[in-house]
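> Predicted model and sequence below, questions to follow.
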Number of protein chains: 10
Amino acid sequence: MTGRDEATLTDLTLLGNQNTKYLFEYSPDVLEAIDNLHMNRDYFVKFNCPEFTSLCPQTGQPDFATMYISFIPDKKLVESKALKLYLFSFRNHGDFHEDCVNIIMNDLIELLDPRYIEVWGKFTPRGGLSIDPYCNYGQPGTKFEQMADHRLMNHDLYPEKIDNR
Amino acid sequence: MTGRDEATLTDLTLLGNQNTKYLFEYSPDVLEAIDNLHMNRDYFVKFNCPEFTSLCPQTGQPDFATMYISFIPDKKLVESKALKLYLFSFRNHGDFHEDCVNIIMNDLIELLDPRYIEVWGKFTPRGGLSIDPYCNYGQPGTKFEQMADHRLMNHDLYPEKIDNR
Amino acid sequence: MTGRDEATLTDLTLLGNQNTKYLFEYSPDVLEAIDNLHMNRDYFVKFNCPEFTSLCPQTGQPDFATMYISFIPDKKLVESKALKLYLFSFRNHGDFHEDCVNIIMNDLIELLDPRYIEVWGKFTPRGGLSIDPYCNYGQPGTKFEQMADHRLMNHDLYPEKIDNR
Amino acid sequence: MTGRDEATLTDLTLLGNQNTKYLFEYSPDVLEAIDNLHMNRDYFVKFNCPEFTSLCPQTGQPDFATMYISFIPDKKLVESKALKLYLFSFRNHGDFHEDCVNIIMNDLIELLDPRYIEVWGKFTPRGGLSIDPYCNYGQPGTKFEQMADHRLMNHDLYPEKIDNR
Amino acid sequence: MTGRDEATLTDLTLLGNQNTKYLFEYSPDVLEAIDNLHMNRDYFVKFNCPEFTSLCPQTGQPDFATMYISFIPDKKLVESKALKLYLFSFRNHGDFHEDCVNIIMNDLIELLDPRYIEVWGKFTPRGGLSIDPYCNYGQPGTKFEQMADHRLMNHDLYPEKIDNR
Amino acid sequence: MTGRDEATLTDLTLLGNQNTKYLFEYSPDVLEAIDNLHMNRDYFVKFNCPEFTSLCPQTGQPDFATMYISFIPDKKLVESKALKLYLFSFRNHGDFHEDCVNIIMNDLIELLDPRYIEVWGKFTPRGGLSIDPYCNYGQPGTKFEQMADHRLMNHDLYPEKIDNR
Amino acid sequence: MTGRDEATLTDLTLLGNQNTKYLFEYSPDVLEAIDNLHMNRDYFVKFNCPEFTSLCPQTGQPDFATMYISFIPDKKLVESKALKLYLFSFRNHGDFHEDCVNIIMNDLIELLDPRYIEVWGKFTPRGGLSIDPYCNYGQPGTKFEQMADHRLMNHDLYPEKIDNR
Amino acid sequence: MTGRDEATLTDLTLLGNQNTKYLFEYSPDVLEAIDNLHMNRDYFVKFNCPEFTSLCPQTGQPDFATMYISFIPDKKLVESKALKLYLFSFRNHGDFHEDCVNIIMNDLIELLDPRYIEVWGKFTPRGGLSIDPYCNYGQPGTKFEQMADHRLMNHDLYPEKIDNR
Amino acid sequence: MTGRDEATLTDLTLLGNQNTKYLFEYSPDVLEAIDNLHMNRDYFVKFNCPEFTSLCPQTGQPDFATMYISFIPDKKLVESKALKLYLFSFRNHGDFHEDCVNIIMNDLIELLDPRYIEVWGKFTPRGGLSIDPYCNYGQPGTKFEQMADHRLMNHDLYPEKIDNR
Amino acid sequence: MTGRDEATLTDLTLLGNQNTKYLFEYSPDVLEAIDNLHMNRDYFVKFNCPEFTSLCPQTGQPDFATMYISFIPDKKLVESKALKLYLFSFRNHGDFHEDCVNIIMNDLIELLDPRYIEVWGKFTPRGGLSIDPYCNYGQPGTKFEQMADHRLMNHDLYPEKIDNR
Ligand SMILES: [Ca+2]
Ligand SMILES: [Ca+2]
Ligand SMILES: [Ca+2]
Ligand SMILES: [Ca+2]
Ligand SMILES: [Ca+2]
Ligand SMILES: [Ca+2]
Ligand SMILES: [Ca+2]
Ligand SMILES: [Ca+2]
Ligand SMILES: [Ca+2]
Ligand SMILES: [Ca+2]
Ligand SMILES: [Ca+2]
Ligand SMILES: [Ca+2]
Ligand SMILES: [Ca+2]
Ligand SMILES: [Ca+2]
Ligand SMILES: [Ca+2]
Ligand SMILES: [Ca+2]
């Protein structure tokens, strides 16, 4: 089988590993990175994550969301199985929706130091209302800082139709 | 359960409170705010509100709409249960569609002093016509004032398909 | 203008009447009927009613639903403006979803004595769950009694996709 | 060009005729039929007619509907341009929705004496309610009479989602 | 009932009036305006109008369209029942699609002197082709003149999928 | 507020109660019932439950599903807040998809002794495959036993389109 | 490569053949069959054919349709490339929609002698109307003859929504 | 019938003319123009053309596409029936997809000398791949030349979902 | 973690096993079964499989399909990871679409001896045509044999809309 | 048959050639180009490729994606059958999603030296997460280099809704 050089894969502890342990308390340390082989190029990687669940910090009730995480890598990509485990670790964590998306973005900035990143959470309703927080970030002092501002200025001009059904 | 510090929650009178009273006359005082823990960052919070109903000021007939409320917080977030009660308080209030969206935005500006905010109401038809008013606002003298202008200039270039069914 | 004989319209008090009064307490007496001109034939009439709202009998919180009302007339049709006013009269009425659909059907049976009738309410969610009650009825001792049984046996084999968004 | 024998087309006065006159008063006489070349077989022909408009007999306000007309021919097919003109002739005709579908079906039975026929009108809402009448018919004393009964018994078990938008 | 001051409604001759007369010849005089209570703010009002019908000026055949009318008010809003009657008045009027959207916009400019306005008509096909004209306008010598140019430059980069079914 | 007699609500311990405790180990005892006020009639109640999550019994990985629960009540209805808590109690429970739907149905039969019940779980994919188990039940020795058989024979003739996106 | 025995493929003149000749006059002789390897079993094969075009026999104007062809094979399957060429051969053939579907079914009965077959053509509109003929057939004297009758009786109880866009 | 002045229609040879001749060899001369009555204004006209078919120049196999043609007129509009005949004239013409869209645009520039024009063809797949060419043009030396560049730079940032079904 | 008894899982060689070997030649032996814990009940299990690919036996070109596999278990369920590997093993296998669905069903009958089973493959088009074979089976001499016949008689009365895009 | 000059086709070895060999190891040499006849114009060509499959470099498991490839040609177009074979050649190639899209774009830059190009891969999920990488490129030192930057800055502001079903 041709393809990606195995040398770029040797530090991975999770992908293809049978003894996966699922953590249900917030665990940013589970995140792992792999080398970006295309550093000469600015390009996007998006993760679609429709299986996010956390708890309401006030009532303890479970919340559910789809997370859309999109970034332009610098030296590192996030390994997808590690990202899955990290997101699963919010399962028994209590935080408001607005906090969850900011925390996830902070942890990925810490791990990857990406050129650009954004996180959009789309939660299911409680009491007839649903909440969709969105945050983004560009490396300070680079064009990606302006990019973050530009994308926030143009964020969600076309809200999707929501009827709670 | 890890997560948001309870100290940020102590002023909430509604969330998790059993004795919720539903007001059906316009009641801006029911609104409550919570601290924004991410003031260092410009980010968006959107509320999808498909259960809005008010009355026609001329005929008294009930009107129905989905409200999309989106803002960039400054010091405060709106507490979602309070927002629900506030929106429910239009139930016996008579006003034109164009007035409702402006009033809601005015009240949230008063409560939150947000960096940016917009409100889009999408009403069901009467006599074959439906009306969708949209207003927005940015803090005067900041880049968000330009942002409001920019978003209005680019508002709704792709009207959703409507066939009244 | 050719068409329906005005003689069949003379008992209508609401259609085309300016001084419509909107009642927000349960008011079955507002219902009015018109003559069915095609009694020689069994045929269906369906009303799509996406603007139904009532209150939770325990908490007082507003509930929202789309009601689908479908019937085979005998001597009478329901006048549509009267039906609208009747449905609007649940606005401040407190009852469980299961009760609302049964009450609506009972009132229309009382008004119309239809050959067959069914009512399906599809409510928005509370706490992540939504409830869709369905009831039906056929005139006892006629083939429509068997029809009601047949349709219940075959009800909703394909539940619509629900994701609360 | 091979294909349908021109002899079967000689009675057509409308198809391919430039001097089409559009009648806007109910005109059943405009209907024309052509020979069914496949009388040995029971088969369906459906017309989708999304451009139907008539007037409310009480208020004079225009109504709009999509008509679905489906039949099993016996000796005759309806010529499609004639059907279009016939449906356009309701443009200034005042009748309730329930009456329109019955009248259309009566006129096509008169023209075609079909083995089976059904007409379903789906109208746009007035005052938040929309009405969808459905009628059908099978030649008396044939299996198609039972077919009409069977299809009425099983009519519309899955009402389409309606939100008036 | 709280809400819009009745003094702002006293000039309305149509809304809530029983004796509505439906005109089916082009009648721009039927249009009426109401005061804009939020003149300090630039905001959008959109009308969705899926029940537009006119005639082909060459053949007399009925045409059907959905009209999307969107504007930023200055001193005046258009009253919705009057707008409905105005649009219904094209019912027996013959004009090409391209002319209809320009005429509607001209009449609303005359009535409202809006800061900005645009009209988009989406017609049903004839002979396999459908036509969707779009025009817009901004008050000369204001930023809204540039806005009109900007929106035309960016008009409809994503044509909706059309398959004539 | 008119409506359901409070006497039918006195045994409810959960609805409107502030001190809700969320259990995350399988807890069938949390289920509560309320009286069915329409026992004279066979009718359906459907619960749409898009927030179901459990664990894989072999790997411990979280699973996600939408549950559709539909029944014809006899003496009892299930209280919706209790049902929510019951479904949330699978959060840390490990079982195969096929087992979960059978267990849920067994517990509701135990609680309600319904005339008829069915449960359909639609899970998200693992390894490119998703699994949708469906079970049903009718009271033995009644027509509902035949109903269960009839509905199984006709189950899901039109599988929904699945592309894992 | 494992799989279908080449001996069952030796009579194919078209599949994998470079010198394909596209015929644009009705050419039933181009049809080819292959052996059905599963004659012990009744099963369905459906062809979705969205690229059908023919001519109007009266005006010469091109018509467009999607053809859905579905059958239960007996000894033979139709080879798909041959079926494509056959359908393409209607390109310059003039016939009414009702005739086309009957002719296609007749030719496939001649070729395959299938246990059961049905053909449904869904055409694009002319003058605002579209036509969808449907025919079917079962081998006389077998259960498939009853099957054809049964499927005709239950044909298209849920007409797809058509708006000509 | 009020509306467009007949004087602007006198040069039309096709619209309303019975003896339409359908040409199936590429025939740019069939195109006809009508006067633009709104030359004082920049506005868009879009033609949706889902019935385009041509031939592969290498294999002779029929190709199918939907063409979206959009332009800002200068002195002339294209007459829609003539445009239909022109597009039908590609029926037996062999050219690659990329060539067809460029040829159509060239011919319309020749006919109309429009301020701006664009053509987007969306073809059905061959061998699992589909091809969608897009070209545009603005009058040299005007702002429309920059407009063409601007729209190309922003073309199709959101490719529609394609799964070949 | 409560839930399925580990004793029912001890024979599984694949689920949770790191050293999964992906076979790309047809390999029915990779299939594994697990115990059905609900043998007292007839219930359905459906697998949605949108990642099926095989080769054309004549040309070697890859084919792609979504497989829908649905069965009523007797003593055994199919283990989902094993089913995934089995379906992946068609990757370099050459067979016609009609053969693939029959082979898959035969192998699952051999493995599970199910009470009832059906397999529906929906393939992507080649040359503008797509093919969707469907087969089913019920245990001979049981009511499930009649069930198979009943479901075939009622198969796919509503073909999904296909436009190859 | 009129159309593209055969002289521009003489170098094609694949299109219309019967003896196509399908390579399942990464084979960039199979790519072929044809002349761009419209070099005077900047225009887009998009390929929709929903049948892409490769292998995971770590586990060997098959991956599936839809590839959207869009470019502005300079001297060359890519021949579509060659592109198909090239994409099929990833069938047994192991690489991460992020690598595949970059490799495809590199190979097409090598072949075509296009003015601009972009590649967007949308993969099916593994473990509940799906990944969608996007890269682009403009000829250095031209306006297309800025175009690439502009399009990356504005990439995917509206992520499509993903629920893994
Ligand atoms: Ca809720
Ligand atoms: Ca929704
Ligand atoms: Ca309406
Ligand atoms: Ca709609
Ligand atoms: Ca939804
Ligand atoms: Ca309405
Ligand atoms: Ca709708
Ligand atoms: Ca369409
Ligand atoms: Ca999907
Ligand atoms: Ca449509
Ligand atoms: Ca294809
Ligand atoms: Ca598709
Ligand atoms: Ca193809
Ligand atoms: Ca499609
Ligand atoms: Ca997965
Ligand atoms: Ca989806």
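Perfect, thanks for sending it. Ligands and ions are numbered 1, 2, ... in the order given.

> Smallest gap between chain A and chain G, at which residue?
A:Lys161 (17.1 Å; C-beta to the nearest C-beta). Any C-beta I mention is one placed from the backbone N, CA and C, and that applies to glycine too.

> per-residue confidence at that residue?
Per-residue confidence (pLDDT) for A:Lys161: 98.

> got it, and A:Gly3?
Confidence score, pLDDT, at A:Gly3: 71.

> Give me the nearest residue to the residue nearest the centre of chain A, chain neighbours excluded.
Closest residue to the average C-alpha location of chain A: A:Ile69 at 4.2 Å, with C-alpha atoms, centre = their mean. Using C-beta to C-beta, 6 or more residues apart in numbering or on different chains and skipping the chain neighbours, the partner closest in space to A:Ile69 is A:Phe47 (4.4 Å).

> quick check: angle from the helix or strand hosting the one you found to strand F:44-55?
Per DSSP states H and E: A:Phe47 is located in strand A:44-55. Angle of strand A:44-55 versus strand F:44-55, following axes from the mean of the first three to the mean of the last three C-alpha atoms, to 10 degrees, is 110 degrees.

> do strand A:44-55 and ligand 15 meet?
No: Strand A:44-55 lies out of reach of ligand 15 by C-beta under 5 Å from the ion, never closer than 9.5 Å.

> so what secondary structure elements neighbour that strand?
On a contact count with 3 or more C-beta pairs under 8 Å, 6 or more residues apart in numbering or on different chains; DSSP states H and E, strand A:44-55 meets strand A:62-72, helix A:80-88, strand F:62-72, strand J:130-138.

> With only the CA atoms kept, save that strand in CSV.
Coordinates of each C-alpha in strand A:44-55 appear next as CSV, following Å, rounded to 0.1, in the frame of the first residue of the first chain:
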residue,chain,number,x,y,z
PHE,A,44,-8.7,24.3,5.5
VAL,A,45,-9.6,21.2,7.4
LYS,A,46,-13.1,20.9,8.8
PHE,A,47,-14.4,18.4,11.4
ASN,A,48,-18.2,17.7,11.5
CYS,A,49,-19.1,16.5,15.0
PRO,A,50,-22.8,15.7,15.4
GLU,A,51,-22.3,13.6,18.6
PHE,A,52,-21.4,16.3,21.1
THR,A,53,-23.1,16.1,24.6
SER,A,54,-22.4,18.0,27.8
LEU,A,55,-24.4,18.9,30.9
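
> Can you point out the buried residues in it?
Within strand A:44-55, the residues that qualify as buried are A:Phe44, A:Val45, A:Lys46, A:Phe47, A:Asn48, A:Cys49, A:Pro50, A:Glu51, A:Phe52, A:Thr53, A:Ser54, A:Leu55, counting by 16 or more other C-beta atoms under 10 Å in any protein chain shown.

> could you check the angle strand A:62-72 makes with that strand?
Using the same axes, to 10 degrees: strand A:44-55 against strand A:62-72 is 160 degrees.

> Next, see if strand A:44-55 gets close to ligand 9.
No: Strand A:44-55 is not in contact with ligand 9 by C-beta under 5 Å from the ion; minimum separation 11.0 Å.

> Help me see whether that strand makes contact with ligand 5, please.
No: Strand A:44-55 stays clear of ligand 5 (C-beta under 5 Å from the ion), getting no nearer than 12.7 Å.

> average pLDDT across that strand?
On average, strand A:44-55 scores 98.

> And stretch A:94-102, by the same measure?
96.

> What lies in contact with it?
Identification of contacts with stretch A:94-102 by C-beta atoms under 8 Å, 6 or more residues apart in numbering or on different chains yields A:52, A:54-57, A:60, A:63, A:65, A:67, A:90, A:103, A:119-121, A:123, A:131, A:133-135, B:1-4, B:34, B:36-38, B:41, B:43, B:45, B:73, B:77.

> Filter those down to the buried ones.
Applying 16+ other C-beta under 10 Å to those flags A:52, A:54-57, A:63, A:65, A:67, A:90, A:103, A:119-121, A:123, A:131, A:133-135, B:3-4, B:34, B:36-38, B:41, B:43, B:45, B:73, B:77 as buried.

> Next, count neighbours for the closest residue to chain H within chain A.
The nearest approach of chain A to chain H comes at A:Tyr158, 10.6 Å away (C-beta to the nearest C-beta). When counting by other C-beta atoms under 10 Å in any protein chain shown, one arrives at 15 neighbours for A:Tyr158.

> pretty sure A:Asp107 is in a helix, no?
Yes: residue state for A:Asp107 (DSSP: H, G, I helix; E, B strand; the rest coil) corresponds to a helix.

> Give me the pLDDT for the residue of chain A closest to chain H.
The predicted local confidence for A:Tyr158 is 98.

> contacting residues for it?
So A:Tyr158 contacts B:Asp156, B:Tyr158, J:Tyr158 (C-beta under 8 Å, 6+ apart).

> what do you get for A:Tyr134?
Neighbours of A:Tyr134 in contact, by C-beta under 8 Å, 6+ apart: A:Val101, A:Glu118, A:Val119, A:Trp120, A:Gly121, A:His155, A:Asp156, B:Tyr43, B:Phe44, B:Val45, B:Lys46.

> can you check A:Phe24 too?
A:Phe88, A:Ser89, A:Arg91, A:Asn92, F:Asn92.

> rerun at 7 Å
By C-beta atoms under 7 Å, 6 or more residues apart in numbering or on different chains, the contact list for A:Phe24 reads A:Ser89, A:Arg91, A:Asn92.

> The closest residue to the second one other than its chain neighbours and ligand 6, how far apart?
It refers to A:Arg91. The shortest distance from A:Arg91 to any non-neighbouring residue, by C-beta to C-beta, 6+ apart, is to A:Phe24 (4.1 Å). Applying C-beta to the ion, to the nearest Å, the value for A:Phe24 to ligand 6 is 48 Å.

> Pretty sure A:Phe24 sits in a helix.
No: applying three-state DSSP, one finds A:Phe24 to be coil, outside a helix.

> gap between it and B:Met105?
Using C-beta to C-beta, to the nearest Å, A:Phe24 is found at 40 Å from B:Met105.

> A:Leu111 now?
38 Å.

> more neighbours, the two?
B:Met105 (23 against 19).

> Name the secondary structure element that contains the closest residue to the more buried one other than its chain neighbours.
Of all residues beyond its chain neighbours, the one nearest B:Met105 is B:Val119 (4.5 Å), with distances taken as C-beta to C-beta, 6+ apart. Using DSSP H and E, B:Val119 maps to strand B:116-123.

> model confidence over that strand, on average?
98.

> could I get that strand in CSV with only the CA atoms?
In CSV, the C-alpha atoms belonging to strand B:116-123 read as follows (Å, rounded to 0.1, in the frame of the first residue of the first chain):
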residue,chain,number,x,y,z
TYR,B,116,-23.2,44.0,17.9
ILE,B,117,-26.8,42.6,17.6
GLU,B,118,-29.4,41.8,14.9
VAL,B,119,-33.0,40.5,15.0
TRP,B,120,-34.8,38.9,12.1
GLY,B,121,-38.5,38.0,12.3
LYS,B,122,-40.0,35.7,9.8
PHE,B,123,-43.8,35.8,10.1
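
> so what's A:Met39 up against?
A:Lys75.

> mind checking the SS state of it?
A:Met39 ends up coil, using three-state DSSP.

> now A:Asp99
Going by three-state DSSP: A:Asp99 is helix.

> Can you get me a residue count around it?
21.

> where's it relative to ligand 5, distance?
26 Å.

> nearest residue to A:Glu98 other than its sequence neighbours?
A:Pro133 (4.7 Å).

> Alright, calling it a day.
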